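Asks: Based on what follows, work out the 3D shape:
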Amino acid sequence: MRTAALIKRIMLEMLRDKRTLALLFLAPLLILTLMYFFFNGSSTSPKLGISHVDASLVKVLDKTDMKIKHYETVKDPKQTVLDGNLDGLLVKKGGAYVLTLQNNDPSTAKSLQMKVKQAIAAESGQQLAKQIEAQAKTLQGVQKIIALQNEAQHILMKQVPAQSPAFGKVQQLEEQAEKTKQQLQAPVKVAFSKPDVSAKYVYGSSHTVFFDVLSPILVGFFVFFFVFLISGIGLLKERTSGTLDRLMATPVKRGEIVAAYLAGFGIFAVIQTVIVVFYAVNVLDMVLAGSLWNVLLVNLMLALVALSLGILLSSFAASEFQMVQFIPLVVVPQIFFSGIIPLKGMAVWLQALAKVMPIYYGADALKRIMYEGMGLGDVWKDLTALVVFAVIFILLNIVALRRYRAL
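Replies: Numbers count the residues shown, from 1 in each chain. Okay, here's the model as predicted:
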């Protein structure tokens, strides 16, 4: 009976907590739906630029699933790849092929490199087949000459008089042999060499793996996630303990309260961000092609957004458990839009939805700095978006405090 009473009490508490019930039944459906659309997106064909490539190879490349773009002249292959947003650029120089890969996605770069090599090998195979066919025709002509000459010698061995009709036959055979010689092509040498394809990279190298692209995104995500969680639970504790209510009873303005909490929690967010960044770069030896200070600045901006968002959402939670409930609704979807899963080939509405996720801009800026070696001038749009998010969340925090006090 006592066990039944406890079960009844737990069930009644769950039924009274509508938010928990909604999270229990609807959150898994939301996550599964996002995963369904992400992993069922259409694959995109790689874009390959070509210049001074043999016409026979162009025909082979046109039959593949690649999008081919022709260039008359290429002065700077790497810049051409960036300007045309190409996955690769194939140029023939001195009988050898040079493939310049953007390599912003190592798996795509390796796949493109393999397809190009297969196309060149197929084209070389076709050339070899033509050489063999020409050689076969030559051999057939030689055999015909030998047969005619043998027949003529056979007649002459019978010592036929010159005035005999058979002598005319010998002359006819010699004329046919001479005519066959004239029709023959020059001797054909069958030669096959392994296609020489050298690869150059705009970003990274041949040793680049997918984790090198993924690591900047992970650094930004973990900074965002833990700052969001700690700041939200920290302010919630202030509310549940009555500290916030006592502060609201003083003449302190709402803006000052929000600024104080942002600064207080922000100090620890800065320390955490510095530790994560330096540990990732110096201890784990994650790829860093740009400036460490730029990486630190972007992560601090991302931490500010997470801090203001965590404090905002804590205003709508009555307990730590309810604060944790925001994770699958707010944080988990951002994992999918951070760039861990490429957005290329996804539905248009999914790509548009990514633009309202703060982590999308933070992860993009970190990837450009850490992996591609860009500077702050190249990621100013991402930084501006993070500033806008932070300002919006801070203003919403001030508005949310109206439930405690009007001014």
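Asks: C-alpha from now on. contacts and neighbour counts both.
Replies: Fine.
Asks: can you map out the strands along the stretch 51-200 of the chain?
Replies: Counting by DSSP state E, counting those that start in this stretch, one finds strands in the stretch 51-200 of the chain at the ranges 67-70, 88-93, 96-101, 197-201.
Asks: Confidence-wise, which helix or strand of the chain is lowest on average?
Replies: Here the helix or strand of the chain ranked lowest by mean pLDDT, DSSP states H and E is helix 165-183, holding a mean of 53.
Asks: Let's check: the centremost residue of this structure is which one?
Replies: Taking Cα atoms, centre = their mean as the criterion, residue 105 is the residue nearest the geometric centre of the chain, at 3.6 Å.
Asks: Please report the distance of that one from residue 201.
Replies: Between residue 105 and residue 201 the computed distance is 11 Å (Cα to Cα, to the nearest Å).
Asks: Same check on residue 215?
Replies: Residue 215 is 19 Å from residue 201, where distance means Cα to Cα.
Asks: and if you look at residue 315?
Replies: Following Cα to Cα, the distance that separates residue 315 from residue 201 is 49 Å.
Asks: try residue 104
Replies: From residue 104 across to residue 201, the span is 9 Å (Cα to Cα).
Asks: helices or strands up against the strand or helix carrying residue 7?
Replies: Secondary-structure element containing residue 7, defined by DSSP states H and E: helix 2-16. Helices and strands touching helix 2-16, by 3 or more Cα pairs under 8 Å, 6 or more residues apart in numbering; DSSP states H and E, are helix 18-39.
Asks: Need the mean per-residue confidence for the helix it packs on.
Replies: When pLDDT is averaged along helix 18-39, the result is 77.
Asks: ok, back up a step: which one of residue 104 and residue 201 is surrounded by more residues?
Replies: For the pair residue 104 and residue 201, the greater number of neighbours falls to residue 104 (21 against 18), based on other Cα atoms under 10 Å.
Asks: Pull up the gap between that one and residue 285, please.
Replies: For residue 104, the distance to residue 285 (Cα to Cα) stands at 19 Å.
Asks: on that earlier part again, and the residue nearest to the centre of the chain, how far is that from residue 76?
Replies: 21 Å.
Asks: same thing with residue 381?
Replies: 26 Å.
Asks: and if you look at residue 209?
Replies: Shown here: residue 209 relative to residue 76, a distance of 25 Å by Cα to Cα.
Asks: the more surrounded of those two?
Replies: Neighbours of residue 209 and residue 76, each counted by other Cα under 10 Å, are more numerous for residue 209; the result is 15 against 8.
Asks: thought the more buried one was touching residue 108?
Replies: No. Contact status for residue 209 versus residue 108: not in contact, 11.0 Å apart, counting by Cα atoms under 8 Å.
Asks: For this structure, which residues score under the pLDDT cut-off?
Replies: 1, 41-43, 124-195, 345, 403-407 (pLDDT under 70).
Asks: Residue 48 belongs to a helix?
Replies: No. Per DSSP: H, G, I helix; E, B strand; the rest coil, residue 48 lies outside any helix segment and is strand.
Asks: What is the neighbour count of it?
Replies: Residues near residue 48, counting by other Cα under 10 Å, number 24.
Asks: again with the one 3 residues further on
Replies: Residues lying near residue 51 (other Cα under 10 Å) number 17.
Asks: Identify the bridge partners of it.
Replies: Applying DSSP bridges to residue 51 gives these bridge partners: residue 91.
Asks: wait, isn't it in contact with residue 71?
Replies: Yes. Applying Cα under 8 Å as the test, residue 51 and residue 71 come out as touching, 5.1 Å apart.
Asks: which residues touch stretch 215-229?
Replies: With contacts defined as Cα atoms under 8 Å, 6 or more residues apart in numbering, stretch 215-229 is touched by 269, 272-273, 276-277, 280, 286-287, 299, 302-303, 305-311, 324, 331, 335, 338-340, 359, 362-364, 366-367, 370-371.
Asks: Now the buried members of those residues.
Replies: If you count burial by 16 or more other Cα atoms under 10 Å, the buried members of the contacts of stretch 215-229 come out as 269, 272-273, 276-277, 280, 286-287, 299, 302-303, 305-311, 331, 335, 338-340, 359, 362-364, 366-367, 370-371.
Asks: List the residues that contact the residue nearest to the centre of the chain.
Replies: Under the contact definition (Cα under 8 Å, 6+ apart), the residues listed for residue 105 are 210, 213.
Asks: No more questions from me, cheers.
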